[in-house]
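Trainee: Sharing a sequence plus its predicted fold:
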Amino acid sequence: AYATAPLLNKLRAFLLRDFVLKTVATGATSIDMGAVLDGGVCLVRLPKGVLGDETVRLLGSFIVAKVWQAAAARARLGQPRHDCSLVIDECHNFLTLPIGLEEMLAEARAYRLALILAHQDLAQLPTDLREGISANARSKLIFSVSPEDARLLERHTLPALGAHDLS
């Protein structure tokens with residue numbers, strides 16, 4: 001009972017929300033993620049103020065996992081595939097995945113899947129994800145950042161831009 005109580009509490013909070021229950025417990029879905037990756041668009045709004053932090057984290061992670069599964073399934077078909085993108089705003093909220101985002105970054109190119117990971121500062125990200133982004137993200141958009149983040153990020157911008165230019 002002590003071992004399962006935390007998990008049951010999270011699931012209870014998650015499944016007691018009518019919207020979430022209808023979304024995840026219906027079995028079949030009307031969204032064909034494979035078709036979305038082949039040229040469609042799927043926008044998902046997950047407002048924390050309405051759904052709650054834990055629900056947003058779990059539901060968002062389910063959606064990211066579903067996209068990843070569809071991308072992997074497309075790769076097994078061996079047919080020419082469209083390039084596709086997965087944009088994850090506030091990506092630090094969606095780290096409860098069976099595969100880490102850093103692993104997804106390392107493998108996504110083979111699936112013709114671009115990952116766009118947006119976050120506010122580096123402290124929000126676990127060290128392994130920061131290192132994965134550093135090693136596997138070809139393009140990095142850096143807006144004005146804290147002096148601490150600027151010192152960590154300048155290795156990606158030197159010699160053209162130093163830490164003082166980034167903060």
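Mentor: Yep, it's here. Bear in mind the structure is a predicted one, so any value in this text is a computation, not a measurement.
Trainee: excluding its backbone neighbours, what's nearest residue 38?
Mentor: Distances taken as CB to CB, 6 or more residues apart in numbering put residue 82 closest to residue 38, at 5.3 Å, once the chain neighbours are dropped. Where C-beta positions appear, they are placed from N, C-alpha and C, glycine not excepted.
Trainee: Neighbours of residue 75, how many?
Mentor: Using other CB atoms under 10 Å, residue 75 is surrounded by 14 other residues.
Trainee: For my notes, confirm it occurs in a helix.
Mentor: Yes - counting by DSSP: H, G, I helix; E, B strand; the rest coil, residue 75 falls inside a helix.
Trainee: Skip the chain neighbours and tell me the closest residue to it.
Mentor: residue 111 (5.0 Å).
Trainee: And the helices in the chain, which stretches?
Mentor: 5-15, 18-24, 33-37, 48-51, 53-77, 101-108, 127-136, 147-153, 163-166 (DSSP state H).
Trainee: got a list of what the closest residue in space to residue 85 that isn't next to it in sequence touches?
Mentor: Nearest non-adjacent residue to residue 85, counting by CB to CB, 6+ apart: residue 114, 4.4 Å away. Residues in contact with residue 114 (CB atoms under 8 Å, 6 or more residues apart in numbering) are 83, 84, 85, 86, 108.
Trainee: Repeat that for residue 29.
Mentor: Contacts for residue 29 were tallied using CB under 8 Å, 6+ apart; there are none.
Trainee: For it, give its distance to residue 46.
Mentor: 16 Å (CB to CB, to the nearest Å).
Trainee: What of residue 31?
Mentor: Counting by CB to CB - residue 31 and residue 46 are separated by 15 Å.
Trainee: More neighbours: which of these two?
Mentor: Per other CB under 10 Å, whichever of residue 31 and residue 46 has more neighbours is residue 46, with 17 against 14.
Trainee: Surely the more buried one is in contact with residue 60?
Mentor: Yes - if you go by CB atoms under 8 Å, residue 46 and residue 60 touch, sitting 5.4 Å apart.
Trainee: before we move on, back to that, tell me which of the helices of the chain lies nearest to residue 121.
Mentor: helix 147-153 (5.6 Å; CB to CB).
Trainee: how much distance is there from that closest one to the middle of the chain?
Mentor: 23 Å (CA atoms, centre = their mean, to the nearest Å).
Trainee: do the same with stretch 105-114
Mentor: From the chain centre to the centre of stretch 105-114 is a distance of 13 Å (CA atoms, centre = their mean).
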